[in-house]
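Trainee: Pasting the sequence and the predicted model now:
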Amino acid sequence: MTDVRPEVKIGPNDILRFLLELFAVFSLGFWGFVAWPFPWNIVVGILAPAIAIVLWALFRSPKAVIAIDPFGRAVVEIVVMASAALAWWSLGQPIVAGVFAVVATVSGIINGHKEFT
């Protein structure tokens, strides 16, 4: 018996989206550890990226645990990516926040167009 699996095509935008996800998780952790006073920095530095990872795994990942419509997936993505951009903004890094927000938005639009076609 042969194992028949559908062919998976990974494009440049898929790689970019993965890197954006990693940067968002890093950003939330960095923000948590730097922006909050001790001992809250430890709590927020661990919980902020953990919540983002759980949201992404439950609703947005290709093998999401809970299947929702494309609009719901878009909302989860916007929440996670906007949180990371706002974290950089609150750290006094508006250029990093703006560049990340623009790149994440363009990548999300390209992916959304692919999901709807």
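Mentor: Arrived safely, thanks for sending.
Trainee: What sits closest to the spatially most central residue of the chain if chain neighbours are left out?
Mentor: By Cα atoms, centre = their mean, the chain has its centre lying nearest to Glu21, at 3.9 Å. Beyond its immediate neighbours in the sequence, the residue positioned closest to Glu21 (Cβ to Cβ, 6 or more residues apart in numbering) is Trp56, lying 6.6 Å away. C-beta here means a position set from N, CA and C on the backbone, and glycine is covered the same way.
Trainee: residues near that neighbour, how many?
Mentor: Around Trp56 there are 19 other residues, counting by other Cβ atoms under 10 Å.
Trainee: Please apply the same query to Gly45.
Mentor: The burial metric for Gly45, expressed as a neighbour count using other Cβ under 10 Å, is 19.
Trainee: now stretch 103-110, how far from the centre of its chain.
Mentor: Here stretch 103-110 shows a centroid-to-chain-centroid distance of 11 Å under the convention Cα atoms, centre = their mean, to the nearest Å.
Trainee: Flag every buried residue along that stretch.
Mentor: If you call a residue buried by 16 or more other Cβ atoms under 10 Å, then stretch 103-110 has these buried ones: Val103, Ala104, Ser107, Gly108.
Trainee: could you give the mean pLDDT of it?
Mentor: Confidence over stretch 103-110 (mean pLDDT, whole number) is 94.
Trainee: roughly how far apart are Gly108 and Leu22?
Mentor: Gly108 sits 15 Å away from Leu22, taking Cβ to Cβ, to the nearest Å as the criterion.
Trainee: now swap in Pro70 and tell me
Mentor: 23 Å.
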